[in-house]
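Chemist: Provided below are the primary sequence and the corresponding predicted coordinates.
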Amino acid sequence: MPINIPKQLPAREILEQENIFIMDDERAVSQDIRPLNILILNLMPEKEKAETQLLRLLGNSPLQVNVKFLKTISYESTHTSKQHLEQFYTTFSEVKHQKFDGMIITGAPVELLEFEQVKYWAELKEIMDWTVGNITSTLHICWGAQAALFHHYGIRKFELSQKCSGIYSHQIFEQSDILLRGFDDQFYAPHSRYTDVSIEAIKNHAHLKLLAASEDAGALLISSRDRKHVMITGHLEYESDTLAQEYERDVNKGLEIHVPVNYFPNNDPTQPPINRWRSHGHLFFTNWLNYYVYQETPYLWE
């Protein structure tokens, strides 16, 4: 089944070229089906790239999905045009009286700041509080995962001695959890962050489950026991060259940065990277949509 997106959204052309099944509003309304309504709070600077990455994975599901993009009002993006934001994004005040089946809160390049120092932290806290009663399941990515762990469960992040960047192998800790249905016993996922969270704090929290982690990169997948919150500290949505672009950006800034681990063939940045996480990225988002959202959400919200 398709993902329903606006006709003029730039990601549409890319997704059509990749043979991702999409449709526009006009065709969607003619189908007698209960679609899933997903709200995406996009905190990434390059919003169009993040849109494409997420829509690619949300569109690879047998479920029809309607997507609405959300922006902050307490901070205005400087890397995305005002026209794009005005045309395709809404604000929290415009949706807070609605209910959604699922929500995604992305990462953001603010992890070296204390949460309270982030310009839109108060707004984000209000949104995260609102999700508890208005969203069936919320997926938090990277810094968004750390924000959720801190706000909902009191688990703080801590700074690493060097950036965690690369493709890491992960072990599953909850074989029976349906979010991991179809996963290999060990699987790869990209990480790109300067901070981490304590695995022990997660394991010792009564309301959390550690689903998957890496010896080198730490916790990857965490869920609340009621499935309301899913936290992923890595980036299964990343494209093959995303880490390469980040590495080149950091090098051009003059930062002391290591080559992403297990990413370039022979550790050579001149060679194109090999994608070893694509299938699990699709599987993870499909499982979340099906088992944590579709199977749990009411047909009609009261």
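Modeler: That came through fine.

Chemist: from here on, just use CA atoms for contacts and neighbour counts.
Modeler: OK.

Chemist: pLDDT-wise, which helix or strand of the chain ranks last?
Modeler: Using mean pLDDT, DSSP states H and E, the weakest-scoring helix or strand in the chain turns out to be helix 25-28, at a mean of 49.

Chemist: low-confidence ranges, this protein, go.
Modeler: Where the chain drops to pLDDT under 70, the residues are 1-5, 7, 15-16, 18-33, 301-302.

Chemist: can you rerun that using 80?
Modeler: Applying pLDDT under 80 to the chain flags the ranges 1-34, 62, 299-302.

Chemist: beta partners of the residue positioned nearest the centre of it?
Modeler: Nearest residue to the geometric centre of the chain (C-alpha atoms, centre = their mean): residue 141, 3.8 Å. For residue 141, the beta-bridge partners under DSSP bridges are residue 232.

Chemist: so it touches residue 108, yeah?
Modeler: No: with contacts counted by C-alpha atoms under 8 Å, residue 141 stays clear of residue 108, the gap being 9.0 Å.

Chemist: ranges for the strands of the stretch 51-200 of the chain?
Modeler: Here the stretch 51-200 of the chain has its strands, by DSSP state E, counting those that start in this stretch, at 65-70, 89-90, 100-105, 135-141, 157-172, 186-197.

Chemist: what about those, which gets the closest to residue 269?
Modeler: Of all the strands of the stretch 51-200 of the chain, strand 157-172 sits nearest to residue 269, with 12.2 Å by C-alpha to C-alpha.

Chemist: measure how that closest one sits relative to strand 186-197, angle-wise.
Modeler: Interaxial angle of strand 157-172 relative to strand 186-197 (axes from the mean of the first three to the mean of the last three C-alpha atoms, to 10 degrees): 170 degrees.

Chemist: buried ones in strand 157-172?
Modeler: By neighbour count with 16 or more other C-alpha atoms under 10 Å, strand 157-172 contains the buried residues 157, 163-172.

Chemist: can you redo these as TSV with distance to residue 49?
Modeler: As requested, the buried residues of strand 157-172 are exported to TSV (distance: C-alpha to C-alpha, whole Å):
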residue	distance to residue 49
157	26
163	22
164	21
165	19
166	19
167	20
168	23
169	25
170	26
171	29
172	29
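
Chemist: widest-spaced pair of those?
Modeler: 163 and 172 (23.5 Å).

Chemist: returning to that earlier point: contacts only, for the residue nearest to the centre of the chain.
Modeler: By C-alpha atoms under 8 Å, 6 or more residues apart in numbering, the contact list for residue 141 reads 104-107, 231-235.

Chemist: from these, pick the one nearest residue 128.
Modeler: When those are compared for distance to residue 128 (C-alpha to C-alpha), residue 105 wins out at 9.1 Å.

Chemist: the closest one reaches residue 137, doesn't it?
Modeler: No: applying C-alpha under 8 Å as the test, residue 105 and residue 137 come out as separate, 11.1 Å apart.

Chemist: measure the nearest residue to residue 77 once chain neighbours are set aside to residue 193 for me?
Modeler: Spatially, and ignoring its direct neighbours in sequence, residue 77 is nearest to residue 45 (6.5 Å; C-alpha to C-alpha, 6 or more residues apart in numbering). Distance from residue 45 to residue 193, counting by C-alpha to C-alpha, to the nearest Å: 15 Å.

Chemist: quick one on the thing from earlier: closest one to residue 219 out of the buried residues of strand 157-172, please.
Modeler: For the buried residues of strand 157-172, the residue nearest residue 219 by C-alpha to C-alpha is residue 170; the value is 8.8 Å.

Chemist: give me phi/psi at the closest residue to that closest one other than its chain neighbours?
Modeler: In space, and not counting its chain neighbours, residue 170 is closest to residue 214: 4.4 Å by C-alpha to C-alpha, 6+ apart. Backbone torsions of residue 214, given as degrees, to the nearest 10, read phi -120, psi 140.

Chemist: what's the answer for residue 212, then?
Modeler: The phi/psi pair for residue 212 (degrees, to the nearest 10) is phi -160, psi 150.

Chemist: which residues pair with it across the strands?
Modeler: Here residue 212 sits in beta bridges with residue 172, residue 221, going by DSSP bridges.

Chemist: for residue 45 and residue 193, indicate the residue with more neighbours.
Modeler: Neighbour count, other C-alpha atoms under 10 Å: between residue 45 and residue 193, residue 193 has more, with 21 against 16.

Chemist: buried stuff in the biggest helix by length in the chain?
Modeler: The single longest helix within the chain, with elements called by DSSP state H, is helix 121-134. Residues of helix 121-134 classed as buried: 121, 124, 127-128, 131, 134 (neighbour count, 16+ other C-alpha under 10 Å).
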